[in-house]
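Undergrad: predicted structure and sequence below. I'll ask about it afterward.
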Amino acid sequence: MKRIAVYPGSFDPVTYGHVDIVRRATALFDHVIIAVTTNQGKPSTFPIDERLTMLRQALRGLPRVTVEAFEGLLVHYLQARKARIVIRGLRAISDFEYEFQMALMNRHMAPQVETVFLMPDERYTYLSSSLVKEIARLGGVVAAFVPRSVSPYLTRLKNP
Ligand code: ADP
């Protein structure tokens, strides 16, 4: 049986931290689906189609990876994709509480689902989509933090 892992998130936008996690996941599982959240009361900076485009460009060339939009409960989505593994990235202790809560709630709803936490390269442990957007808004250089295809989208955020 193929081991399908789902990596859910808002990816608003994708950073090198996310890409690092995807690479590690592809080394462990047969297929990795990046599931991009579309709603959940959390307004996004970039619309879903742009977030998908940025991810697909950033992950081009990585085998056995697909990028999809998803809405609703993650456990329902996993069922539909016949997947039992959720991938999440852990950067620091500050991620832990929220991730722990989500993982245990998902386990409560779907006991067969396992959440696997992967740690990125040290270079990316302080990196987040929101920090990168903040730097871009203020006119800083973000080339070291995001794939090349993402930079033009961030440039648009720059305050006049
Ligand atoms: P969400 O809104 O679901 O937290 P994000 O796109 O911010 O969506 O994050 C998706 C997942 O990727 C989360 O598990 C998060 O901890 C992880 N992640 C985000 N940035 C990094 C990074 N720099 N290194 C490793 N994991 C990361």
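TA: Noted; the coordinates are in hand. Numbers count the residues shown, from 1 in each chain.
Undergrad: for this protein, what lies in contact range of the ligand?
TA: Within the chain, the residues that sit near the ligand (CB under 6 Å from any ligand atom) are 9-11, 15, 17-18, 21, 88-89, 91, 95, 120, 124, 127-129. Glycine gets a C-beta too; all of them are placed from N, C-alpha and C.
Undergrad: which one (most neighbours) among the residues you listed?
TA: Ile21 (26 neighbours; other CB atoms under 10 Å).
Undergrad: so where is this structure shaky, pLDDT-wise?
TA: 40 (pLDDT under 70).
Undergrad: show the residue spans covered by the strands in it.
TA: In the chain, the strands defined using DSSP state E lie at 4-9, 31-37, 65-70, 85-89, 114-118.
Undergrad: picking that back up, ok, the residues of the chain next to the ligand vs Ile33, which is closest?
TA: Comparing those against Ile33 with CB to CB places Gly9 closest, at 11.7 Å.
Undergrad: correct me if wrong: the closest one contacts His18.
TA: Yes: Gly9 sits in contact with His18 when judged by CB atoms under 8 Å, with a separation of 7.0 Å.
Undergrad: which one's the longest helix in this structure?
TA: Criterion DSSP state H: the longest helix present in the chain is helix 93-109.
Undergrad: who are the packing partners of that one?
TA: When contacts are defined as 3 or more CB pairs under 8 Å, 6 or more residues apart in numbering; DSSP states H and E, helix 93-109 sits against helix 74-80, strand 85-89, strand 114-118.
Undergrad: at 7 Å instead, please
TA: helix 74-80, strand 114-118 (3 or more CB pairs under 7 Å, 6 or more residues apart in numbering; DSSP states H and E).
Undergrad: put together TSV for these, with mean neighbour count on each row.
TA: What follows is the helices and strands packed on helix 93-109, written out as TSV (neighbours: other CB atoms under 10 Å):
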stretch	mean neighbour count
helix 74-80	17
strand 114-118	15
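Undergrad: in a markdown table: the ones you listed, plus distance to Ile135.
TA: Shown next, in a markdown table, are the helices and strands packed on helix 93-109 (distance: least, CB to CB, whole Å):
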| stretch | distance to Ile135 |
| --- | --- |
| helix 74-80 | 30 |
| strand 114-118 | 25 |
